[in-house]
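**Q** build me a structure from this.
(one chain, ligands or ions: 1)
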Amino acid sequence: MTTTTAGPVADEQLEFSGDRRRVEATRAITVTAMARRLPQVVARAYALTWRIEPRSAALLLTCQILSAGLGATGLFATANGISAVFAAGATTSRLTAALPSILVIATSAGLRRLLGIVNQTITVRLSPRIAREAEATVLRATLATELTAYDHSGYSDDLEAADRGAEMCVEILGEAQNLLASLGSLIGAASVIAYLHPLLLPLLVLAALPQGLASVRAARVQYLASRDAMADRRIMANLRWYIHVKAQADQVRSDTMSGFLMAKYDQVGRRLDRNAKDAAAATAKVSVLGALASGLGAGIVWATMAWLVTSGRMSLPHGGAAVVVLTSVSNSLAGIVGYGAYLFRIGMYLDDLFGFLDNAGGFALRTGTHRPAPPHQVTVKELTYSYPASERTALNGVTLHVDRGEIVALVGENGSGKTTLAKCLAGLYTPEPGAGAVEWDGTDTRTMDPQAMWEQVAVVPQNYARWPLTARENITLGQPHDEGDDEALWAAARASGADEVLAELRSGLGTLLAVEWLGGEELSGGQWQRIALARAFYRRAGLLVMDEPTAALDPRAEHRIFTNLRALATDKAVVLVTHRLTNVAIADRIVVLDHGEVIQCGTFEELVADTGGRFRELWDLQNDRTGIPAQRTPEEENA
Ligand SMILES: Nc1ncnc2c1ncn2[C@@H]1O[C@H](COP(=O)(O)OP(=O)(O)OP(=O)(O)O)[C@@H](O)[C@H]1O
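**A** Alright, predicted model coming up:
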């Protein structure tokens with residue numbers, strides 16, 4: 001428990017908030033509504049196949065239709081064969097009469113088996129491709145998502161649900177095929193049953209209905225349970241990641257966190273177990289009820305048939321044939337119910353998938369078309385920005401400009417809004433309508449094609465990526481690079497100090513970085529930062545945004561960066577975020593932020609001279625040596 005002036009407040013629990021609305025909507029789905037969706041799911045399965053291989057999709061459907069026709073032919077032949085065998089007359093003449101039927105039964109069974117093999121071969125071959133294609137679609141949608149999506153609770157849950165939907169696609173074609181096969185058999189068998197005695201058909205449907213309803217209900221229970229468990233599964237996946245990866249392996253040990261992390265893991269695991277137990281109990285309950293009802297239904301069907309035969313309403317040979325066909329009917333019904341229920345479930349996951357794909361989870365990238373040139377001036381006008389999860393505004397009415405050839409530094413205390421502003425300048429966050437604007441040479445960045453805009457931007461973020469790629473790729477990725485021409489790369493490396501790092505790598509630019517991956521070499525934190533700087537300097541960008549670019553650098557490397565920065569800025573607008581105030585002397589202008597507002601703006605000399613200002617206050621604090629023993633030079637020591 002923590003305490004505030006308002007009294008004790010319970011700790012917030014580690015929890016991912018999924019989109020509860022969608023779960024609620026799913027809960028409200030009725031069995032009939034779900035039944036109506038079954039054809040839609042089957043159609044989706046064939047549409048996905050069609051997109052990959054139209055000929056195979058057509059062949060699969062043709063096989064299904066032929067197979068159903070052959071099934072019906074075989075059953076009619078069975079009924080006729082049985083009638084012939086049970087008819088009056090000599091055994092040989094009865095067998096001779098049954099022979100054509102036996103030939104038809106054997107041929108249709110053989111051909112059906114052959115068609116089944118063709119179906120299975122195509123399905124097994126295409127299913128992984130369908131899933132991969134769906135997965136790639138989710139990846140493309142994710143890459144075309146606004147960065148702010150990640151700040152919305154629920155987005156990651158939706159993304160994961162979509163991913164799961166894509167995974168389920170591996171089964172959709174097979175299950176749709178099974179369902180169609182059962183349906184084909186059922187139609188064939190039902191027509192034979194109706195021919196034998198019309199009363200048997202409605203009775204059969206009645207007998208199968210309770211089992212069907214129960215299976216659909218069980219599928220819904222399982223889907224909802226798995227959707228409810230999604231947030232917990234993500235927590236566990238995150239915990240596993242924290243325990244597995246190298247990035248914090250040292251802190252897990254030095255902070256003696258193993259017990260703490262495992263306790264969290266177990267706690268969430270127990271919640272998942274409870275969820276699974278409840279779902280299993282609910283599924284078992286509906287399944288038992290369904291089984292009882294369908295057993296009762298089957299009893300009624302058999303009793304009716306016995307009554308029809310004994311009362312002379314159906315001949316004995318027809319009765320015998322009905323027994324055989326009924327077995328086929330109940331197998332087909334069981335197939336329809338089983339595969340249908342499973343397809344319902346897949347259909348719900350597909351809804352998650354297609355719901356996400358429709359508009360990238362609600363955060364599709366803005367679709368401006370203007371392709372900007374490198375800007376001469378970047379302007380921020382009355383910009384206000386709030387993070388979706390926060391009640392505070394991160395930026396409040398900020399106005400500033402950066403010209404090409406100019407370096408503008410953003411300074412301020414932690415949480416004052418520097419990084420947020422830097423991301424808005426780089427077009428990573430887009431202002432809401434009416435919340436100000438970021439303009440490049442007078443053009444609102446909201447009207448720009450985001451990819452084309454980012455081509456003009458180079459960013460050194462606080463947490464730069466350490467790609468498990470070669471040193472060359474780590475610097476050139478995302479940029480056109482002429483094979484065999486590393487001149488521009490080396491120029492960027494020299495400006496950032498990465499040349500010294502590259503010189504010591506065992507295979508130079510071709511060295512694989514990150515030791516965790518395929519035996520690559522590992523770099524120190526500062527060496528990685530030099531690579532990240534080289535990556536930004538290599539980009540042919542008109543706007544360079546650097547957020548704490550030298551935090552991990554030694555004094556020599558830092559000095560080199562700031563010595564080279566002025567030359568780099570000649571054809572760029574440069575924005576520099578830093579807490580090291582000695583470094584901002586290089587800037588043409590310094591903008592001081594406080595709680596998302598610009599409170600000072602001027603040159604280094606102006607701001608240091610302003611004794612009552614925040615910059616001067618921070619400067620004095622950074623240079624205050626109170627409590628630190630004075631450093632004496634060797635000459636002073638000797639004197
Ligand atoms: N993703 C986010 N979601 C919600 N609030 C955020 C998010 N990122 C930052 N904030 C909030 O926005 C405000 C500004 O954060 P920002 O990172 O821009 O500050 P900063 O000046 O760069 O801080 P620092 O010097 O510590 O890097 C802070 O109050 C912070 O809590």
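**Q** all strands of the stretch 501-639 of the chain, in order?
**A** Here the stretch 501-639 of the chain has its strands, by DSSP state E, counting those that start in this stretch, at 543-547, 573-577, 589-594, 597-602.
**Q** swap in the chain?
**A** 2-4, 7-9, 377-386, 393-403, 407-412, 437-440, 443-444, 457-460, 543-547, 573-577, 589-594, 597-602 (DSSP state E).
**Q** would you turn the strands of the stretch 501-639 of the chain into JSON lines with mean neighbour count, mean pLDDT and distance to the ligand?
**A** C-beta here means a position set from N, CA and C on the backbone, and glycine is covered the same way. Shown next, in JSON lines, are these (neighbours: other CB atoms under 10 Å; pLDDT from 0 to 100; distance: least, CB to the nearest ligand atom, whole Å):
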{"stretch": "strand 543-547", "mean neighbour count": "25", "mean pLDDT": "95", "distance to the ligand": "7"}
{"stretch": "strand 573-577", "mean neighbour count": "25", "mean pLDDT": "95", "distance to the ligand": "7"}
{"stretch": "strand 589-594", "mean neighbour count": "23", "mean pLDDT": "96", "distance to the ligand": "6"}
{"stretch": "strand 597-602", "mean neighbour count": "17", "mean pLDDT": "96", "distance to the ligand": "12"}
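**Q** any idea how far Glu160 is from Ala237?
**A** Distance of Glu160 to Ala237, computed by CB to CB, to the nearest Å: 9 Å.
**Q** point out where the protein drops to low pLDDT.
**A** Within the chain, the ranges that satisfy pLDDT under 70 run 1-31, 33-35, 359-361, 515-519, 627-634, 636-637, 639.
**Q** how does it divide into domains?
**A** 32-197+343-365, 199-313, 377-623 (the TED database).
**Q** check contacts around the residue in the stretch 101-250 of the chain positioned nearest to the ligand.
**A** Here the residue of the stretch 101-250 of the chain nearest the ligand is Asp151; by CB to the nearest ligand atom that distance is 4.4 Å. Going by CB atoms under 8 Å, 6 or more residues apart in numbering, Asp151 touches 387-389.
**Q** just the residues you listed that are near the ligand?
**A** On the criterion CB under 6 Å from any ligand atom, 387, 389 are the entries of the contacts of Asp151 that sit beside the ligand.
**Q** now tabulate the contacts of Asp151 in JSON lines and tack on distance to Pro317 and neighbour count.
**A** Shown next, in JSON lines, are the contacts of Asp151 (distance: CB to CB, whole Å; neighbours: other CB atoms under 10 Å):
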{"residue": "Tyr387", "distance to Pro317": "78", "neighbour count": "14"}
{"residue": "Pro388", "distance to Pro317": "74", "neighbour count": "12"}
{"residue": "Ala389", "distance to Pro317": "74", "neighbour count": "9"}
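**Q** the ligand: which of the contacts of Asp151 is nearest?
**A** Tyr387 (3.2 Å).
**Q** so the closest one makes contact with Gly415?
**A** No: using CB atoms under 8 Å, Tyr387 makes no contact with Gly415, being 11.6 Å away.
**Q** now do the helices in the stretch 251-400 of the chain.
**A** 258-310, 316-359 (DSSP state H, counting those that start in this stretch).
**Q** what's the longest one packed up against?
**A** What that stands for is helix 258-310. helix 200-228, helix 230-244, helix 316-359 (3 or more CB pairs under 8 Å, 6 or more residues apart in numbering; DSSP states H and E).
**Q** make JSON lines out of the ones you listed and add distance to the ligand and mean neighbour count.
**A** Formatted as JSON lines, the helices and strands packed on helix 258-310 follow (distance: least, CB to the nearest ligand atom, whole Å; neighbours: other CB atoms under 10 Å):
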{"stretch": "helix 200-228", "distance to the ligand": "25", "mean neighbour count": "20"}
{"stretch": "helix 230-244", "distance to the ligand": "16", "mean neighbour count": "16"}
{"stretch": "helix 316-359", "distance to the ligand": "21", "mean neighbour count": "20"}
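**Q** closest to Ala72 out of these?
**A** Proximity to Ala72, assessed across the helices and strands packed on helix 258-310 by CB to CB, is greatest for helix 316-359 (10.3 Å).
**Q** just checking, what packs against that closest one?
**A** Using 3+ CB pairs under 8 Å, 6+ apart: helix 316-359 touches helix 20-27, helix 31-52, helix 54-86, helix 91-143, helix 155-196, helix 200-228, helix 258-310.
**Q** ok, and what's touching the second one?
**A** Read that as helix 31-52. Outside helix 31-52, the residues touching it (CB under 8 Å, 6+ apart) are 56-57, 60-61, 126, 129-130, 133-134, 169, 172-173, 175-176, 179-180, 213, 216-217, 220, 340, 343-344, 346-347, 350.
**Q** check contacts around Tyr265.
**A** 236, 239-240, 243.
**Q** show me what from the stretch 351-500 of the chain comes close to the ligand.
**A** Residues of the stretch 351-500 of the chain lying near the ligand (CB under 6 Å from any ligand atom): 387, 389-390, 392, 394, 412, 414-420.
**Q** which of the residues you listed sit farthest apart?
**A** Ala389 and Gly412, at 21.5 Å, using CB to CB across these.
**Q** just the buried ones among the residues of the stretch 351-500 of the chain next to the ligand, please.
**A** 394, 412, 416-420 (16 or more other CB atoms under 10 Å).
**Q** of these, which belong to helices?
**A** 418-420 (DSSP state H).
**Q** quick check, nearest of the residues you listed to Val192?
**A** Relative to Val192, and with distances defined as CB to CB, the nearest of these is Thr420, at 71.9 Å.
**Q** hmm, the closest one is touching Leu395, no?
**A** Yes: assessed by CB under 8 Å, Thr420 is found in contact with Leu395 at 5.6 Å.
**Q** any residues in contact with both of these two?
**A** By CB under 8 Å, 6+ apart, the residues touching both Thr420 and Leu395 are 385, 596.
**Q** would a markdown table of the helices and strands packed on helix 258-310 with distance to Gly596 be doable?
**A** Putting these into a markdown table (distance: least, CB to CB, whole Å) gives the following:
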| stretch | distance to Gly596 |
| --- | --- |
| helix 200-228 | 37 |
| helix 230-244 | 30 |
| helix 316-359 | 30 |
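**Q** Val301: which of these is closest?
**A** helix 200-228 (5.0 Å).
**Q** what's that closest one packed up against?
**A** helix 20-27, helix 31-52, helix 155-196, helix 258-310, helix 316-359.
**Q** closest to Ala68 out of the ones you listed?
**A** That would be helix 155-196 among these, by CB to CB, at 2.6 Å.
**Q** is the closest one up against the ligand anywhere?
**A** No: with CB under 6 Å from any ligand atom as the criterion, the ligand is not reached by helix 155-196; the gap is at least 11.9 Å.
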